[in-house]
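[1] Here is a sequence with its predicted model. Questions after.
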Amino acid sequence: METNLSNDQEEVILQELASKKVIQLKSFYKHLFIYTIALIVFLLKEYTNLPLQFFPIKYLNWVVVIIWSAVIVGSAIDLFASYKIFGHEWEERKLRSILEKKYKKQKWE
């Protein structure tokens, strides 16, 4: 399989993909931090007698925590386990096939 792209063009595309992955990681860690704080506050509200009944915390209940936990687990699986399932070789093959489809020139015979 030979692509019509030079190594410089492939390197630029790989650099863009890497920067997107870094942005996804940064977003996930921010979300995980907020989730951890909210979970601590929820547990304090449920199992202590602290007066935590003001606006946003008042609506934090078991349903919200369970759904939020499922979202966090799903995001973590998507972000971290996809590397193990779809390894580096698979990513390179897929990237090359996408690039070939994009830049493939039609030949008339």
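    Arrived safely.
[2] quick one, strands of this structure?
    Remark: no strands are assigned in the chain by DSSP state E.
[3] Now do the helices in it.
    Using DSSP state H, the helices of the chain run over residues 7-47, 55-58, 62-76, 82-85, 88-103.
[4] quick check: angle from the first one to helix 88-103?
    Taking axes from the mean of the first three to the mean of the last three CA atoms, to 10 degrees, one finds that helix 7-47 is oriented at 120 degrees with respect to helix 88-103.
[5] so what secondary structure elements neighbour helix 7-47?
    Identification of packing neighbours for helix 7-47 by 3 or more CB pairs under 8 Å, 6 or more residues apart in numbering; DSSP states H and E yields helix 55-58, helix 62-76, helix 88-103. The C-beta positions use only the backbone N, C-alpha and C, and glycine is treated the same way.
[6] Check which helices and strands the second one is in contact with.
    Helices and strands touching helix 62-76, by 3+ CB pairs under 8 Å, 6+ apart, are helix 7-47.
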